[in-house]
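generate a structure from the sequence data that follows.
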Amino acid sequence: MLMSSGEHAATLIYGPNGFRVIKPGRFVTCAVTGEPIPLEALRYWSVDRQEAYATPEIATRRMLGQA
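Numbering: from 1, shown residues only. Sure thing, here's the model as predicted:
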């Protein structure tokens, strides 16, 4: 999904049961692929690494050190 140039990335703090918005925005960027993830679609992240992931497969690869 492409984001328009007028939309900005959010800054979040990731917790074990959710995230807190520090800087408002419409999306975050996947730590592995670099693709934008709309906040309403964000489901996968690492609390320890404070990173977002686009899919469960990408998150698993990252946790196993394969990404």
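
can we go C-alpha only for contacts and neighbour counts from here?
Noted.

give me the contacts around stretch 59-67.
The contact list for stretch 59-67 (CA atoms under 8 Å, 6 or more residues apart in numbering) reads 32, 44-45, 53, 58.

beta-bridge partners for the one residue sitting closest to the centre of the chain, please?
The centroid of the chain falls nearest to Ala52 when counting by CA atoms, centre = their mean (2.6 Å). Taking DSSP bridges as the rule, Ala52 bridges to Cys30, Trp45.

how about low-confidence regions in the protein?
Applying pLDDT under 70 to the chain flags the ranges 1-6.

show me where the protein has strands.
11-14, 19-23, 27-29, 36-38, 44-46, 51-53 (DSSP state E).

need these in a markdown table with distance to Arg62, can you?
Shown next, in a markdown table, are the strands of the chain (distance: least, CA to CA, whole Å):
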| stretch | distance to Arg62 |
| --- | --- |
| strand 11-14 | 16 |
| strand 19-23 | 19 |
| strand 27-29 | 15 |
| strand 36-38 | 17 |
| strand 44-46 | 9 |
| strand 51-53 | 9 |
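
re earlier: reformat the contacts of stretch 59-67 as CSV; add distance to Gly25 and neighbour count.
Formatted as CSV, these follow (distance: CA to CA, whole Å; neighbours: other CA atoms under 10 Å):
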residue, distance to Gly25, neighbour count
Val32, 20, 15
Tyr44, 18, 19
Trp45, 17, 22
Tyr53, 17, 25
Ile58, 23, 19
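
these two touch, right, Glu51 and Val28?
No. Using CA atoms under 8 Å, Glu51 makes no contact with Val28, being 9.3 Å away.

out of the contacts of stretch 59-67, give me the two with the largest separation.
Pairwise distances across these (CA to CA) peak at 12.0 Å, for the pair Val32 and Tyr44.

now do the shared contacts for the two.
Tyr53.

separation between Leu39 and Gln66?
The gap separating Leu39 from Gln66 is 25 Å, by CA to CA, to the nearest Å.

comparing the two, which residue is more hemmed in?
Leu39 (17 against 9; other CA atoms under 10 Å).

now for the more buried one: which residues touch it?
Leu39 touches 26-28, counting by CA under 8 Å, 6+ apart.
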